[in-house]
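Visitor: dropping the sequence and predicted coords here.
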Amino acid sequence: MMDDNISTLQSDLLEKTGMLVEALPFMRRYSDETILIKFGGHAMGKAEYVNAFASDIALLDQVGARPVVVHGGGPQIGEMLKKLQIESNFVDGLRVTDEATISVVEMVLAGGINKALVAAITMAGGRAVGISGKDGGLIMARKLLAQAKSAESAIEKVVDLGFVGEPSRINTEVLDALGEKNLIPVVAPVGGGEDGMTYNINADTAAGAISAALGATRMLMLTDVPGVLDNAGNLMSELTVSEAESLILDGTVTEGMIRKLETCIQAVLGGAEAAVIMDGRAPHALLVELFTEPVSYTHLTLPTIYSV
């Protein structure tokens, strides 16, 4: 019995050693490189997902990479609005945001979710700092107007989404300053406008703009799906930029996946070696993606975009 236990222990140690040996070249590859990670609101649905994510971010930092986190929070905002009996309306996946709603959005994103993620990363051994896009002028925003078809006709009209914006300029100084102190930025996607107003910014869009501005080596989008699927429901593990654009134009991808692909394209054109759409609920998905050979996600690079 003792011999069996020793044999099992030796086998486990050999397996772990093999994993470390495999990971070492990847660790060297990403040492001192900026990795932009977008953590979606759907991917943070359970405490175990958040804790595993926080552990991965802390380890990335400890092996010398420079992680920058941008988080979402759509489901959590929806829950709070429901509790407060404030109605939610959407146009093309974007939340129509009036004065009452933007206060809730900022409270949930920059207050609740942001600080909870910072606390989780800190508990895991990382040194994280929570900021919003308004801090240090990180995200300057302009008002976003959407095009939508009315129920009565196929004619598109401009729809005022209220306090919904898109990045007009990214000022990386605050992120650079945090990086120099070996601190991990955790960014809530709320921006300030030239008009002094606060704007709700889609987290995917914010992540792509920040990735491009930083010249991140890699952008990882953690969501609740395995990646981009074709019309038959099969995972598309590698995509070129032109292929991704075609998927958007021909209607193969719809709704939220359109914005994710557009974000990946922006990141890659901004200098990222690859942008990856991946299931953030999988155990230690970040580490598996970065420190092993690519597996089952969607990857986009120049000239390819990836799904995992």
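Guide: That came through, no problem.
Visitor: can you show me the helices along the stretch 51-200 of the chain?
Guide: 74-83, 99-106, 114-123, 173-180 (DSSP state H, counting those that start in this stretch).
Visitor: low-confidence ranges, the stretch 51-200 of the chain, go.
Guide: 147-156 (pLDDT under 70).
Visitor: would you map the strands across it?
Guide: 66-71, 90-91, 94-95, 128-132, 139-149, 156-170, 184-188, 190-193, 198-201 (DSSP state E, counting those that start in this stretch).
Visitor: if we can go back for a sec, and residue 200, which of the helices of the stretch 51-200 of the chain is closest to it?
Guide: Judged by Cβ to Cβ, the one of those that comes nearest to residue 200 is helix 99-106, at 4.7 Å. No exception for glycine: its C-beta is placed from N, CA and C like everyone else's.
Visitor: other residues contacting that closest one?
Guide: 77, 80-81, 84, 86, 88, 95, 97, 132, 162-163, 190, 198-200 (Cβ atoms under 8 Å, 6 or more residues apart in numbering).
Visitor: give me the angle between that helix and helix 74-83.
Guide: Using axes from the mean of the first three to the mean of the last three Cα atoms, to 10 degrees, the inter-axis angle of helix 99-106 relative to helix 74-83 is 130 degrees.
Visitor: oh, and call the first residue 45 from now on, that's how I've got it
Guide: Sounds good: first residue 45 from here, last item helix 143-150.
Visitor: how much does helix 143-150 deviate in direction from strand 228-232?
Guide: Going by the same axes, to 10 degrees, helix 143-150 makes 160 degrees with strand 228-232.
Visitor: ok now helix 143-150, how far from the chain's centre?
Guide: 22 Å (Cα atoms, centre = their mean, to the nearest Å).
Visitor: and it with strand 200-214, angle?
Guide: Using the same axes, to 10 degrees: helix 143-150 against strand 200-214 is 40 degrees.
Visitor: buried ones in helix 143-150?
Guide: Along helix 143-150, these residues count as buried under the neighbour rule (16 or more other Cβ atoms under 10 Å): 145-146, 148-150.
Visitor: and the residue nearest the centre of the chain, how far from residue 96?
Guide: When Cα atoms, centre = their mean is applied to the chain, the residue found nearest the centroid is residue 82 (1.2 Å). Going from residue 82 to residue 96 by Cβ to Cβ, to the nearest Å gives 16 Å.
Visitor: please apply the same query to residue 299.
Guide: From residue 299 to residue 96 the distance is 27 Å (Cβ to Cβ).
Visitor: who has more neighbours, these two?
Guide: Neighbours were counted for residue 299 and for residue 96 using other Cβ atoms under 10 Å; residue 96 has more, 21 against 10.
Visitor: am I right that the more buried one is in contact with residue 328?
Guide: Yes - if you go by Cβ atoms under 8 Å, residue 96 and residue 328 touch, sitting 5.9 Å apart.
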